[in-house]
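A.B. asks: fold the following.
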Amino acid sequence: MVIGITGGIGSGKSTVSKILRDLGAKVIDADRISREVTAKGKKAYDEIVDTFGSGVLNEDGELDRKKLADIVFNDQEKLKLLEGIVHKYVIEEIEKRVNAAKNEWSSDIIVLDVPIPVKRGFIDLVDQVWVVTCDMETRIKRIMERSGYTYEEAVKRINSQMKEDEYLKIADEVLVNNGSIEELENSVAKLYIKIRSIR
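C.D. replies: Residues are numbered from 1 along each chain as shown. The predicted structure follows:
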């Protein structure tokens, strides 16, 4: 079974994926793949530099992700441009890894950790969608602590993504992550046991 984990920035979807990995699931992380396909010398990297210019590079010639983020999160058109470039390569790699995991991995649960639940490369590959939600102020606090953003920068990143009700429309299961890590672990473990029991 393939479970898709998604949710807005700061909701805790990556924490849910880590818990599932600890429980024995094979996790495919779209954010990690995104970093791999945009590394120097990769096709996505070349397209990004062609589109946004060499000003988005650091001294080593690698992408300066903060500079790029500052550009796109202030301009919806540029954000769509960047997403269009990165997504096609990420989706291609996700499809490869899901197929490989189905053939090779000993676990019978594969998890796709994806921030943006696109139709191709996510919805079409998963058997269930689990959406992680959290109240706005907690999300803002987590983003500020994790990434060093100001309050306004954190809000801007949240507002650039899908609204929570859009995530909830596609959810088969909803994990509310307003409490402690122990509460989240218990909720995830219960769902994992439920999934294993119906297989």
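
A.B. asks: which is the succeeding secondary structure element to the longest helix anywhere in the chain?
C.D. replies: Counting by DSSP state H, the longest helix found in the chain is helix 76-104. Sequence-wise, the next helix or strand downstream of helix 76-104 (DSSP states H and E) is strand 110-113.

A.B. asks: helices and strands around that following strand, which ones?
C.D. replies: Contact partners of strand 110-113 among helices and strands, from 3 or more CB pairs under 8 Å, 6 or more residues apart in numbering; DSSP states H and E: strand 2-6, helix 13-22, strand 26-29, helix 30-37, helix 76-104. C-beta: built from backbone N, CA, C; applies to glycine.

A.B. asks: returning to that earlier point: quick one: the longest helix of the chain to helix 30-37, angle?
C.D. replies: Calculated by axes from the mean of the first three to the mean of the last three CA atoms, to 10 degrees, helix 76-104 forms an angle of 100 degrees with helix 30-37.

A.B. asks: who touches whichever strand or helix holds residue 175?
C.D. replies: Using DSSP H and E, residue 175 sits in strand 173-176. Strand 173-176 has contacts (CB atoms under 8 Å, 6 or more residues apart in numbering) with 12, 16, 128-134, 168, 184, 187-188, 191.

A.B. asks: still on that earlier bit, I'd like the mean pLDDT over the longest helix of the chain, please.
C.D. replies: Averaging pLDDT along helix 76-104 gives 90.

A.B. asks: do stretch 43-50 as well
C.D. replies: So the average pLDDT for stretch 43-50 ends up being 94.

A.B. asks: ok, and for that stretch, which residues are buried?
C.D. replies: 44, 45, 47, 48, 49 (16 or more other CB atoms under 10 Å).

A.B. asks: narrow those to those in helices?
C.D. replies: 44, 45, 47, 48, 49.

A.B. asks: for residue 65, find the nearest of the helices and strands packed on strand 110-113.
C.D. replies: Among the helices and strands packed on strand 110-113, helix 30-37 comes nearest to residue 65, with 8.4 Å by CB to CB.
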